[in-house]
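Asks: sequence first, then the predicted structure:
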Amino acid sequence: RCSMSQNKIKRIGVFTSGGDAPGMNAAIRAVVRTASYYQKEVFGIMRGYEGMIEGDIVKLGARSVGNIIQRGGTILKTARCQEFRTPEGRKKAFENLQREGIDALVGIGGDGSFTGLHYLTKEFNIPGVCIPGTIDNDLAGTDYTIGYDTATNTAVEAIDRIRDTALSHNRLFFIEVMGRNSGYIAINSGIAGGAAAIIIPEENMTFEELMNHLTEGEGTSKKSNLVVVAEGSKIGDANELARRVAERSSYFDIKVTILGHLQRGGAPSYFDRVLASKMGVAAVEGLLAGQTDVMVGIRNNKMVFNSFETIINHIHEIDNESLRIAKILSI
Ligand code: F6P
């Protein structure tokens with residue numbers, strides 16, 4: 001069908017690893033179908049690197065990924081695997097791949113998954129491409145990671161619901177969102193949810209500044225307030241901030257909601273399905289064209305490949321414009 005099918009790769013292994021993210025199934029589907037399109041065989045490696053070490057590998061085909069594009073989670077399951085961090089663990093994993101005749105890999109996950117794939121490609125000379133799948137949007141080299149849009153929509157929906165009850169009782173809510181060390185989910189769910197303040201690790205807002213901002217509204221008609229706190233906040237998590245504000249002012253009736261893992265589940269948004277589909281196609285076509293040790297990304301609406309060195313240990317920065325508008329709109 002295409003000159004790429006002449007490539008020497010015969011069998012592609014696909015796996016998901018690290019925290020699951022909505023849209024991972026759409027990415028698996030795209031990888032499997034693209035491989036089939038180019039007449040390559042595809043095997044699913046269960047539970048990420050854990051299943052690779054244990055040899056838990058299943059044959060997949062275009063039909064085995066039907067009816068999954070709309071489903072959250074990952075049909076291949078996932079894990080955070082310590083043993084893969086050791087050369088012995090990786091050797092076991094590679095031997096299993098060899099036994100199955102797998103001669104190329106597509107890994108779907110975050111920075112830990114890409115790091116694992118990097119070592120595997122370097123140590124055993126097996127080509128591998130990573131697809132960024134994490135709700136955190138914390139990977140440099142791509143404007144968006146798969147799952148981030150859905151998770152942020154979920155957070156916004158939750159914030160809207162909390163707003164109803166906050167307003168009814170004149171309460172101040174601290175809402176903690178996920179994101180690990182990144183403030184992406186927080187800044188954008190905060191802007192979309194109309195938060196009075198957004199606390200993210202990337203910005204150096206002090207507790208005093210937060211306190212001043214909240215008490216500016218004291219005695220005015222602005223009584224209900226929502227503060228969105230990224231879990232990676234450097235000035236304390238939602239519980240801690242709530243406790244400190246309560247210590248300083250009896251004006252507020254304060255509640256805390258930690259959104260937690262509900263942000264990880266659910267049907268992927270249209271955006272994440274399309275992103276995952278594009279990335280899955282790009283990953284397989286990249287592999288067949290000779291790409292290795294790279295991550296697929298989307299930059300300014302174009303698919304790109306970036307090397308391990310340019311991604312890992314680089315911060316996916318939040319643009320100043322988002323920070324600026326969040327401030328203007330929270331007066
Ligand atoms: O990386 C995704 C993520 O959901 C982070 O936002 C969060 O810090 C972490 O995973 C939670 O990990 P676990 O599911 O292992 O508790």
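Replies: Happy to help now that I have it.
Asks: off-centre distance for the helix of greatest length in the chain?
Replies: As assigned by DSSP state H, the longest helix anywhere in the chain is helix 148-169. Relative to its chain's centre, helix 148-169 lies at 19 Å (C-alpha atoms, centre = their mean, to the nearest Å).
Asks: now do stretch 241-248
Replies: So, by C-alpha atoms, centre = their mean, the centroid of stretch 241-248 is 31 Å from its chain's centroid.
Asks: got the contact list for the residue of the stretch 151-300 of the chain found nearest the ligand?
Replies: Nearest residue of the stretch 151-300 of the chain to the ligand: M178, at 3.3 Å (C-beta to the nearest ligand atom). All C-beta atoms are positioned from the backbone trio N, CA, C, and that covers glycine. By C-beta atoms under 8 Å, 6 or more residues apart in numbering, the contact set of M178 is I135, D136, A151, I185, E231, L259, G260, H261, Q263, R264.
Asks: which among the residues you listed count as buried?
Replies: Among the contacts of M178, those buried by neighbour count (16 or more other C-beta atoms under 10 Å) are I135, D136, A151, I185, E231, L259, Q263, R264.
Asks: let's see the pLDDT reported for the third one.
Replies: Note on A151: pLDDT of 98.
Asks: from memory it sits against L262, does it?
Replies: No - using C-beta atoms under 8 Å, A151 makes no contact with L262, being 9.4 Å away.
Asks: list the contacts for A140?
Replies: Contact analysis of A140 by C-beta under 8 Å, 6+ apart lists N306, T310, I311, H314, I315, H316.
Asks: quick check: the fifth one is in a helix.
Replies: It stands for I315. No - I315: not assigned to a helix; according to DSSP: H, G, I helix; E, B strand; the rest coil it is coil.
Asks: circling back to that earlier point, looking at neighbours, which among the contacts of A140 is most surrounded?
Replies: Neighbour counts for the contacts of A140, by other C-beta atoms under 10 Å, peak at I311, which reaches 22 neighbours.
Asks: phi first, then psi, for that residue.
Replies: The phi and psi torsions at I311 (degrees, to the nearest 10) take the values phi -110, psi -50.
Asks: and the pLDDT for it?
Replies: At I311, pLDDT is 96.
Asks: how about the nearest residue to it, chain neighbours excluded?
Replies: Counting by C-beta to C-beta, 6 or more residues apart in numbering, I311 lies nearest to G141, which is 4.5 Å off, once chain neighbours are set aside.
Asks: neighbours of that neighbour, how many?
Replies: Going by other C-beta under 10 Å, the residues that sit close to G141 add up to 24.
Asks: any idea how far G280 is from it?
Replies: 17 Å (C-beta to C-beta, to the nearest Å).
Asks: any stretches of the protein with poor pLDDT?
Replies: 1-6, 217-224 (pLDDT under 70).
Asks: ok, now with 90
Replies: Along the chain, segments meeting pLDDT under 90 span 1-7, 204, 215-224, 249, 251, 330-331.
Asks: any idea how far the closest residue to G89 other than its chain neighbours is from A238?
Replies: Closest residue to G89 in three dimensions, ignoring its sequence neighbours and counting by C-beta to C-beta, 6+ apart: E83, at 3.8 Å. Distance from E83 to A238, counting by C-beta to C-beta: 34 Å.
Asks: coming back round to it: who are the neighbours in contact with the residue nearest to the residue of the stretch 151-300 of the chain closest to the ligand when sequence neighbours are not counted?
Replies: In this structure, M178 finds its nearest non-sequential neighbour in Q263, 5.1 Å apart by C-beta to C-beta, 6+ apart. If you count contacts by C-beta under 8 Å, 6+ apart, Q263 has them with I135, A151, T154, A155, V177, M178, I185.
Asks: pretty sure the third one sits against A267.
Replies: To tie it back to what came earlier, the one meant is T154. No - using C-beta under 8 Å as the test, T154 is too far from A267 to be in contact (10.1 Å).
Asks: I appreciate the help and will end here.
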